[in-house]
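Q: take a look and give me a structure for this.
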Amino acid sequence: MAEEKTFEQKVQEGIDEIRPMLQRDGGDCELVGIEGKKVKIRFQGACQGCPGAAMTLKMGIERHLKQRVPDVEEVIAAQA
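A: Here you go, the predicted structure:
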């Protein structure tokens, strides 16, 4: 019988799915932690300080994670 994945495992898998798109533009992100149902990520590379990072966070990463893991409330950026 397959073991049920944890919330954190599901979130990590969702982040891993979107990372190649960030990496194509010279950036990346990592899961820093989870507080309740809020996911905290850290941008890396070209994504750090990018003017479009807020849009990428909300319209890209957060939207993708909420579709994949409906329990996700919000995705927030951790300070570098």
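Q: burial of Gly27, as a residue count?
A: With neighbours defined by other C-beta atoms under 10 Å, the count for Gly27 comes to 19. Every residue, glycine included, has its C-beta placed from N, CA and C.
Q: hey, what's it bridged with?
A: Under the criterion DSSP bridges, Gly27 forms beta bridges with Gly45.
Q: ok, it touching Gly45?
A: Yes. With contact defined as C-beta atoms under 8 Å, Gly27 counts as touching Gly45 (4.4 Å).
Q: quick one: the helices in the protein?
A: 7-24, 53-55, 63-68 (DSSP state H).
Q: and the worst-scoring helix or strand of the chain on mean pLDDT, what other elements does it pack with?
A: Taking mean pLDDT, DSSP states H and E as the measure, the chain has helix 53-55 as its least confident helix or strand, at a mean of 91. Using 3 or more C-beta pairs under 8 Å, 6 or more residues apart in numbering; DSSP states H and E, no helix or strand is in contact with helix 53-55.
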